[in-house]
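[1] Have a look at this fold, sequence not included:
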């Protein structure tokens, strides 16, 4: 489950890379580390990235959302033996398991690689009212004032926020900022998102090829 106090700073760094486009050698390394089925999943992911660059943004959202929602859900406690672990895309695909933040982060990184601007994407911490628990989704804003679209692993359709009354937004963030939600009435900037530890862990793992 997501610890919001741990997610108050996020960024790709000056290198400007998402770390998700892999070399053939790196893909082979996935097979050595996680097995042949994992290498097939990663190869399919790379194929998705390379084949979807020319799609329009709405189509990219659907393609990425559908692709990663095939990965089985498993709680961090069961999967990693700890209450809150943020996996990289390779860890998620390699182990064929993900918690809500893993879906949101991997969709975010993949859409960035596909050319969707960072300012249109926010990783959003919500309360899932039906489940009465914390949850994380990815949101997409076609314009700054547009109703966001929700990419989620609970409801697999890409729907507008008004159709997701089961989600109550709390915070959202991306590579450049942090926002505090005002219920369902929009959000207020809370400044730069530069204080995060969990995201720094993910970036370090991306750089090391994990």
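    Received, thanks. Every value quoted in this text rests on a predicted model; they were computed, and no experiment measured them.
[2] Let me see the ranges of the helices in this structure.
    For the chain, helices defined by DSSP state H occupy the ranges 24-34, 36-51, 57-68, 76-80, 89-95, 100-113, 198-207.
[3] With distance to residue 181 as new columns, can these be given to me in TSV?
    In short, each C-beta sits where N, CA and C put it, glycine included. TSV is the format used below for those (distance: least, CB to CB, whole Å):
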stretch	distance to residue 181
helix 24-34	37
helix 36-51	31
helix 57-68	21
helix 76-80	24
helix 89-95	26
helix 100-113	15
helix 198-207	19
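[4] Out of those, flag the one nearest residue 162.
    Among the helices of the chain, the nearest to residue 162 by CB to CB is helix 57-68 (16.8 Å).
[5] hang on, the earlier thing: and of the helices of the chain, who's closest to residue 169?
    Per CB to CB, nearest to residue 169 of those: helix 100-113, 13.0 Å.
[6] how far is that closest one from where the chain is centred?
    Using CA atoms, centre = their mean, to the nearest Å, the mean C-alpha position of helix 100-113 is found 2 Å from that of the whole chain.
[7] Same question for stretch 131-144.
    On CA atoms, centre = their mean, the centre of stretch 131-144 falls 10 Å from that of its chain.
[8] What residues of that stretch count as buried?
    134-141 (16 or more other CB atoms under 10 Å).
[9] where does this structure dip in pLDDT?
    1-19, 183-203, 206-210 (pLDDT under 70).
[10] Nearest to the spatial middle of it, which residue is it?
    Central residue of the chain (CA atoms, centre = their mean): residue 105, 1.9 Å from the mean position.
[11] Return the residues in contact with that residue.
    Residues near residue 105 by CB atoms under 8 Å, 6 or more residues apart in numbering: 86-87, 89, 123, 202.
[12] of these, closest to residue 68?
    The nearest member of these to residue 68, counting by CB to CB, is residue 89 at 8.7 Å.
[13] show me what contacts the residue sitting furthest away from the middle of the chain?
    Distance from the centre of the chain peaks at residue 32, with 25.2 Å (CA atoms, centre = their mean). Neighbouring residues of residue 32 by CB under 8 Å, 6+ apart: there are none.
[14] can you offset everything so residue one is 22?
    I'll keep to 22 as the first residue from here, and by that count the last item is residue 53.
[15] Now do it against residue 115, distance only.
    As for residue 53, its distance to residue 115 is 11 Å (criterion: CB to CB, to the nearest Å).
[16] cool, residue 130 as well?
    15 Å.
[17] Over to residue 181?
    33 Å.
[18] The two - which one has more neighbours?
    Higher neighbour count among residue 181 and residue 115: residue 115, with 21 against 11, using other CB atoms under 10 Å.
[19] got a list of what the closest residue to residue 106 other than its chain neighbours touches?
    Distances taken as CB to CB, 6 or more residues apart in numbering put residue 97 closest to residue 106, at 4.7 Å, once the chain neighbours are dropped. Applying CB under 8 Å, 6+ apart, we find residue 97 in contact with 22, 103-106, 120.
[20] redo that, cut-off 10 Å
    Going by CB atoms under 10 Å, 6 or more residues apart in numbering, residue 97 touches 22-23, 103-108, 118-123.
[21] Got a quick PyMOL command for the buried subset of those?
    Here is the PyMOL selection string for the buried members of these, based on 16+ other CB under 10 Å:
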select buried, resi 23+105+106+107+108+118+119+120+121+122+123
